[in-house]
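Asker: mind folding the following:
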Amino acid sequence: MSADNCIAICKFRQGWKVAHCQGIENLWSWMLKDKNSGEVFVIKKLNLRMLYKYFADSKVYKIKSRALKAAMDMYNKIGFVEYGIIEIGR
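Answerer: Have a look, this model is predicted:
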């Protein structure tokens, strides 16, 4: 797990959600261990468990511009995020 952080915006069926995410690169990889050999390898694909973890408790915004405003407010409150504001799924 990484400590790298960002403010992320993601579109869901209900609307847009905003979250402060630590280790955002964990959204795109799974670490798996082979039961027989013990070898650890990484599969690069969207990790839905992590997506849920990051956004489960986030407020839903029906309008993207309101989600972007919320992301800016969150960014200003936190003060510094390494990767800034990113949109997941684009």
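Asker: drop to CA atoms for contacts and neighbour counts, all remaining ones
Answerer: Fine.
Asker: export the lengthiest helix in the chain as CSV, just CAs?
Answerer: Assignment by DSSP state H gives helix 64-78 as the longest helix of the chain. Extracted C-alpha coordinates of helix 64-78, given in CSV (Å, rounded to 0.1, in the frame of the first residue of the first chain):
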residue,chain,number,x,y,z
LYS,A,64,-20.6,17.2,-12.3
SER,A,65,-19.8,20.8,-11.7
ARG,A,66,-21.0,20.5,-8.1
ALA,A,67,-18.8,17.4,-7.6
LEU,A,68,-15.8,19.4,-9.0
LYS,A,69,-16.5,22.3,-6.6
ALA,A,70,-16.7,19.8,-3.7
ALA,A,71,-13.3,18.3,-4.9
MET,A,72,-11.8,21.8,-4.9
ASP,A,73,-13.1,22.5,-1.4
MET,A,74,-11.7,19.2,-0.2
TYR,A,75,-8.3,20.0,-1.9
ASN,A,76,-8.2,23.4,-0.2
LYS,A,77,-9.1,22.0,3.2
ILE,A,78,-6.4,19.2,3.0
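Asker: show me what it is packed against.
Answerer: Contacting helix 64-78 under the criterion 3 or more C-alpha pairs under 8 Å, 6 or more residues apart in numbering; DSSP states H and E are the following elements: strand 5-12, strand 15-22, strand 85-88.
Asker: burial of residue 9, as a residue count?
Answerer: By other C-alpha atoms under 10 Å, 22 other residues sit near residue 9.
Asker: does it touch residue 17 like I think?
Answerer: Yes: in this structure, residue 9 is within contact of residue 17 by C-alpha atoms under 8 Å, at 5.7 Å.
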